[in-house]
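Asks: Turn this into a structure:
(one chain, ligands or ions: 1)
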Amino acid sequence: MAGVAGRLARRWCSGALRSPLQVTRFPALQLHVCGPAMRASQKDFENAMNQVKLLKKDPGNEVKLKLYALYKQATEGPCNVPRPGVLDFINKAKWDAWHALGSLPKETARQNYVDLVSSLSASSESSGQVTPAADRKQPGSDALVVTSQDGITTITLNRPDKKNALTPQMYHDIMLALEAASKDDSAITVLTGNGDYYCSGNDLTNFTDIPPGEVEERARSGAVLLRDFVDCFIDFPKPLVAVVNGPAVGISVTLLGLFDVVYATDRATFHTPFSHLGQSPEGCSSYTFPKMMGPSKATEMLVFGKKLTAREACTQGLVTEVFPDSTFQKEVWVRLKAYSKLPPNAMRISKQVIRNREKEKLHAINAEESSILQERWLSDECMNAIVNFLSKKAKL
Ligand SMILES: CCCCC/C=C/C(=O)SCCNC(=O)CCNC(=O)[C@H](O)C(C)(C)COP(=O)(O)OP(=O)(O)OC[C@H]1O[C@@H](n2cnc3c(N)ncnc32)[C@H](O)[C@@H]1OP(=O)(O)O
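Replies: Predicted coordinates:
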């Protein structure tokens, strides 16, 4: 079973449903799924398990019990374990729901599960996404969700409570997801965020808990990670689209210069507070930003940390188009679905013709920026800025 799906199923089976009155919070993500298939395959089933994780609205305990029962029936067959004791209310409710399915065949339970999830997803406020790609290697944590549908592979940052700040695990998972997306049969790849933020950049707590003797080594390995990460964006062979669903900070902004198209909600802002953090630009922005907006506008952003509105970012060429927040998801996904029907090889080749002109240059810039940043991470300015952030967080 795919990692995310497995974790989800385990969570459901092992206590997410803590009390019949307790509501499990689901991360907010707009989604829309295919209608019910005539006969659900194992892949459909795994996709459905991933979709449950992205439901915008909590489906309520009754539906969750139904999902639990169908999941158990589909994977283990009829319930023939002893009924939990009368005081074990939660497990008894789960057992009852499963037992009520009697001898329903596994295939039918699987189909019913898929149909139920599909109806929940369709009724959820939605736009244009999602069928997780069950045959791809799933990332190592729930902080990233990869889905594939309608010729579009979507990589969603899924740490909304931390404004989708990027942990080392997430950098690795994004690299894996890009690698898989470059080889799958989708025509377009999308990066987006779940929740009110697109991404708040590097997780600043990445700088904590470093033993004194290991600071240099951490800076060195951080620079290697950064370089590898950005290289994946430089080399990505298919059209890469950023669906910027909210404010973006730091590396999530600089990387936009390596995307082919950037769509933003009018609620988005673009902020690169590198000097405030004692750091320096990465993601090839020292090259792409001056190229797209001219050196002085780039300096305002990258050196003085001026935060741009979505409309300003669009005027500066960083954003392709801005949409009203109320229709953002709908309009963007309709557009992307139409683009994804274009001949994929032609799109891939056209992208490469554009990118190949400066690939070498971008790699060299990435290497240089990473090495400068490695030095910056060791500076007092940087250390102080991180301590500042962490003390505010700790309300010191
Ligand atoms: C190896 C590769 C290195 C690549 C180099 C990359 C560099 C960069 O990306 S530099 C940019 C780093 N990012 C930042 O400086 C942003 C820091 N965060 C903030 O300024 C704010 O949190 C905010 C403006 C993004 C949101 O403010 P607000 O709406 O007031 O929400 P909170 O501050 O309460 O945030 C909620 C929750 O999320 C945590 N959080 C947000 N961003 C980060 C982050 N970048 N790193 C770590 N944690 C973050 C925040 O601490 C709150 O957590 P709790 O207090 O636990 O609820």
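
Asks: So for residue 372, what's the nearest residue that isn't a sequence neighbour?
Replies: Nearest non-adjacent residue to residue 372, counting by CB to CB, 6 or more residues apart in numbering: residue 280, 5.3 Å away. Where you see a C-beta, it was placed from the backbone N, CA and C, and this is true even at glycine.

Asks: Could you verify my assumption that that neighbour touches residue 377?
Replies: No. Under the criterion of CB atoms under 8 Å, residue 280 makes no contact with residue 377, lying 9.8 Å away.

Asks: the more surrounded of the two?
Replies: For residue 280 against residue 377, the residue with the higher neighbour count under other CB atoms under 10 Å is residue 377, and the figures read 23 against 19.

Asks: Roughly how far does the more buried one sit from the ligand?
Replies: From residue 377 across to the ligand, the span is 8 Å (CB to the nearest ligand atom, to the nearest Å).

Asks: got the contact list for whatever residue of the stretch 201-350 of the chain ends up closest to the ligand?
Replies: Per CB to the nearest ligand atom, residue 250 is where the stretch 201-350 of the chain lies closest to the ligand, at 2.2 Å. Listed by CB atoms under 8 Å, 6 or more residues apart in numbering, the contact set of residue 250 reads 199, 200, 201, 202, 271, 272, 273, 274.

Asks: What segments of the stretch 51-200 of the chain are helices?
Replies: Using DSSP state H, counting those that start in this stretch, the helices of the stretch 51-200 of the chain run over residues 61-76, 89-99, 106-123, 168-183.

Asks: Give me the neighbour count for residue 42.
Replies: The number of residues packed around residue 42, counting by other CB under 10 Å, is 11.

Asks: actually residue 94, sorry about that
Replies: 22.

Asks: Got the confidence number for it?
Replies: Looking at residue 94, its pLDDT reads 91.

Asks: wait, it sits on residue 69?
Replies: Yes. Between residue 94 and residue 69 a contact is recorded at 7.5 Å, counting by CB under 8 Å.

Asks: about what we covered before: among the contacts of residue 250, which are in reach of the ligand?
Replies: Among the contacts of residue 250, the residues that sit close to the ligand (CB under 6 Å from any ligand atom) are 200, 201, 202, 273.

Asks: Which residue, other than its chain neighbours, is closest to the second one?
Replies: The shortest distance from residue 201 to any residue other than its chain neighbours is 2.4 Å, reached at residue 250 (CB to CB, 6+ apart).

Asks: any idea how far residue 218 is from that neighbour?
Replies: Here the criterion is CB to CB, to the nearest Å. By it, residue 250 lies 18 Å from residue 218.

Asks: likewise residue 358?
Replies: 31 Å.

Asks: mind checking pLDDT for the residue in the stretch 1-150 of the chain positioned nearest to the ligand?
Replies: Distances from the stretch 1-150 of the chain to the ligand, computed as CB to the nearest ligand atom, single out residue 143 as the nearest residue at 12.4 Å. Per-residue confidence at residue 143 stands at 96 (pLDDT).

Asks: burial of the nearest residue to it once chain neighbours are set aside, as a residue count?
Replies: The shortest distance from residue 143 to any residue other than its chain neighbours is 4.7 Å, reached at residue 159 (CB to CB, 6+ apart). For residue 159, the number of neighbouring residues by other CB under 10 Å comes to 23.

Asks: same check, this time on residue 341
Replies: By other CB under 10 Å, the residues close to residue 341 number 11.

Asks: Low-confidence bits of this protein, can you list those?
Replies: Within the chain, the stretches falling below the threshold (pLDDT under 70) are 1-38, 54, 122-140, 394-396.

Asks: circling back to that earlier point, the residue nearest to residue 143 reaches residue 170, doesn't it?
Replies: Yes. Applying CB under 8 Å as the test, residue 159 and residue 170 come out as touching, 7.5 Å apart.

Asks: okay, and the common contacts of the two?
Replies: With CB under 8 Å, 6+ apart, residue 159 and residue 170 have common neighbours residue 143.

Asks: Residue 344: what's it in contact with?
Replies: Taking CB under 8 Å, 6+ apart as the contact definition, residue 344 lies against 151, 186, 187, 238.

Asks: Sorry, slip of the keys, the one I care about is residue 200.
Replies: Taking CB under 8 Å, 6+ apart as the definition of contact, the neighbours of residue 200 are 162, 163, 164, 165, 247, 249, 250, 252.

Asks: Show me which residues of the stretch 151-300 of the chain are close to the ligand?
Replies: Taking CB under 6 Å from any ligand atom as the criterion, the neighbours of the ligand within the stretch 151-300 of the chain are 162-163, 165, 171, 200-205, 222, 225-226, 249-251, 273, 277, 279, 282.

Asks: Generate a ChimeraX selection restricted to the buried subset of those.
Replies: In ChimeraX, this line selects whichever of those come out buried by 16 or more other CB atoms under 10 Å:
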select :162,163,165,171,200,201,202,203,204,222,225,226,249,250,251,273,277,279,282
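
Asks: Could you tell me which of the residues of the stretch 151-300 of the chain next to the ligand are located in helices?
Replies: Residues from these lying in helices, with DSSP state H as the criterion: 171, 222, 225, 226, 251.
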